[in-house]
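1. Turn this into a model:
(one chain, ligands or ions: 1)
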Amino acid sequence: MNDRLNVAIVGAGIGGLSAALALGVRGMNVTVFEEAVSPREAGAGISIPPNAVTLLKRAGLCDALEKINTRSQGLSLRTSQGGSVSTPPASVAMQSYQIHRVEFLNMLLNAVKATVKFGHRCIGVNETEIGTRLTFANGAVHDADVVIGADGIHSIVQRQIGLAARPTSEGIVAYRGLAQSQKLSCAAGLRGLNMWTGAGRSMICFPVSQGRLINVVAFVPSSRDMEETWFAPGDINALASEYKGWDAPVQDIIAALDQTFRWGIYDRPPLPYWSSGRVTLLGDAAHPMVPHFGQGAGQAIEDGFALAILLEHARHDEIPSRLRAYQNLRLEHTSRVQAASRQAGRFYRSLGENPSERAEEMREWMSAAAWIFPYDAEEAAAAMLKACASVMVHPRYR
Ligand SMILES: Cc1cc2nc3c(=O)[nH]c(=O)nc-3n(C[C@H](O)[C@H](O)[C@H](O)COP(=O)(O)OP(=O)(O)OC[C@H]3O[C@@H](n4cnc5c(N)ncnc54)[C@H](O)[C@@H]3O)c2cc1C
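-> Have a look, this model is predicted:
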């Protein structure tokens, strides 16, 4: 019997490092393996939703988060021509944290009680009589009691447990970039979460790095298949032509970008299972979702914190049933979030330009998904653990 489980995590992205943080706080021995030779998040911003912020703060990151957060000052939604669309007053935008991705990952790296090994590309996961064995492209081998695949949308661990998520193109591409606020005469008006929608397109921007930079994400229709990667360069002129004639700040923001990256947006149905024996998945490896609700990273963070509760004090022989309990809890929840994100995408791709109709449409889908923000993943996992004492596995996923 081992009180201190040895947990191996594949992938040092937001999901992998958040899980390492949560598992470390609960006393497990954690080793994280990352294929990149050094931390390499592409420069861009991310909005961390309140359901994830609560968990990170509870794990002791309150001050660290406040330091890198750029406090949001409301939500402004406009049509392509600048018509103001009224938004829900107690908007979630006020509670989300707007952060530069690199600053966020560095904060997690500094906080984790784990060994993080860069330059380790996982190529194999095998279950042995007593645990699991990971193999890496550099020849290294690592044995652990539990393996967590946090290796993103093209997960190798997902394939190793017999799964293959099937992508369907949404027919849009996301351009992402950062503009320096000092280059923008409209920067003072961009203190919160700003969105423009219309003509099947949308642009979202918010300040990060204490307002020094404006993070930009612009979704445009595309008939071409595009890679899902943070590193594919985009063409600023092509982006500008997509927004020709739009509200002046939209055109000014695009003109202020030094470079842009493009990410093809694909949707995937929920996977049939996440866990097999002593191996499980989290984050994009488990539930890739379209990004229109800003919940991908939020759900990855929830996964890690729920898993930590469910693995804490687990005996070695209990690991498979604890991982199934984790799957049962999280698969259902994240499937609903995936569906809400899909619904949000319809709103952002609309051709509608009438401000009052847009306000009503937004109110409808936001209120239908309001349950996402107050959800407490640790509380839910603790309740699941309690229920597991009598019934370990939900019949639906047996
Ligand atoms: C345009 C866009 C905007 C978004 N905006 C938001 C937002 O505002 N808020 C939000 O919550 N979410 C947002 N998301 C979603 C969010 O970025 C992802 O859901 C989140 O990054 C997933 O984290 P992850 O750790 O699961 O995966 P990843 O971030 O993909 O990390 C996986 C890690 O695993 C490593 N890896 C991969 N394969 C291997 C291997 N074989 N061996 C070892 N390491 C490996 C990778 O190098 C990487 O470091 C957005 C997504 C997009 C596309």
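2. pLDDT below threshold where in the stretch 1-150 of the chain?
-> In the predicted model, the stretch 1-150 of the chain carries pLDDT under 70 at residues 1-2, 41-43, 89-94.
3. try 80 this time
-> Along the stretch 1-150 of the chain, the parts satisfying pLDDT under 80 run over 1-3, 40-43, 72-73, 88-94, 129.
4. can you check the stretch 201-350 of the chain too?
-> Residues of the stretch 201-350 of the chain that meet the criterion pLDDT under 80 lie in 224-231.
5. Can you name the residues of it that neighbour the ligand?
-> Selection of the stretch 201-350 of the chain residues close to the ligand by Cβ under 6 Å from any ligand atom yields V217, W263, G283, D284, A285, P291, G294, Q295, G296, A297, G298, A300. (Glycine included, C-beta is placed from N, CA and C.)
6. how long is stretch 258-276 end to end?
-> End-to-end distance of stretch 258-276: 45 Å, with Cα to Cα, to the nearest Å as the criterion.
7. hmm, back to that, of the residues of the stretch 201-350 of the chain next to the ligand, which belong to strands?
-> V217, W263 (DSSP state E).
8. ok, so of the residues of the stretch 201-350 of the chain next to the ligand, who is nearest P88?
-> When those are ranked by distance to P88 (Cβ to Cβ), G294 comes first, at 15.3 Å.
9. Run a quick neighbour tally on that closest one.
-> Neighbour count for G294, taken as other Cβ atoms under 10 Å: 19.
10. And for the one 3 residues further on?
-> By other Cβ under 10 Å, 23 other residues sit near A297.
11. Chain neighbours aside, what residue packs nearest to it?
-> Distances taken as Cβ to Cβ, 6 or more residues apart in numbering place I14 nearest to A297, at 4.6 Å, with adjacent residues excluded.
12. what sits against the one you found?
-> I46, R101, F104, L105, L108, G283, A297, A300, I301 (Cβ atoms under 8 Å, 6 or more residues apart in numbering).
13. so where's the longest helix in the chain?
-> Ranked by residue count under DSSP state H, the longest helix found in the chain is helix 319-348.
14. That one packs against which elements?
-> Judged by 3 or more Cβ pairs under 8 Å, 6 or more residues apart in numbering; DSSP states H and E, helix 319-348 is in contact with strand 193-198, strand 279-281, helix 296-311, helix 355-368, helix 377-388.
15. Deepest-packed of those, please.
-> Among the helices and strands packed on helix 319-348, ranked by average contacts under mean count of other Cβ atoms under 10 Å, first place goes to strand 279-281 (a mean of 29).
16. Not counting its own residues, what contacts that strand?
-> Strand 279-281 is contacted from outside by 125, 127, 132, 146-150, 155, 157-158, 160-161, 271, 274-275, 286, 307, 323, 326-327, using Cβ under 8 Å, 6+ apart.
17. And stretch 109-122, by the same measure?
-> Outside stretch 109-122, the residues touching it (Cβ under 8 Å, 6+ apart) are 9-10, 12, 17, 20-21, 23-25, 30-39, 59-61, 64, 134-138, 140, 151, 156-157.
18. among the residues you listed, which are in strands?
-> I9, V10, V30, T31, V32, F33, L134, T135, F136.
19. that older thread, taking the residues of the stretch 201-350 of the chain next to the ligand together, which two end up most distant?
-> Counting by Cβ to Cβ, the most remote pair of those is V217 and A285, 22.2 Å apart.
20. Show me which of the two is the more surrounded one.
-> More crowded of V217 and A285, by other Cβ under 10 Å: A285, with 31 against 22.
21. how about the nearest residue to the more buried one, chain neighbours excluded?
-> Excluding the flanking residues, the one nearest A285 by Cβ to Cβ, 6+ apart is S155, at 3.6 Å.
22. swap in A140?
-> Using Cβ to Cβ, 6+ apart, the nearest residue to A140 is H120, at 6.2 Å.
23. For the one you found, give its distance to L331.
-> Relative to L331, H120 is positioned 28 Å away (criterion: Cβ to Cβ, to the nearest Å).
24. can you check G264 too?
-> For G264 relative to L331 (Cβ to Cβ), the value is 25 Å.
25. Check P270 too.
-> Distance, P270 to L331, by Cβ to Cβ: 6 Å.
26. what is in contact with these two at once?
-> Common contact partners of P270 and L331 (Cβ under 8 Å, 6+ apart): H287.
27. Thank you kindly, that will do.
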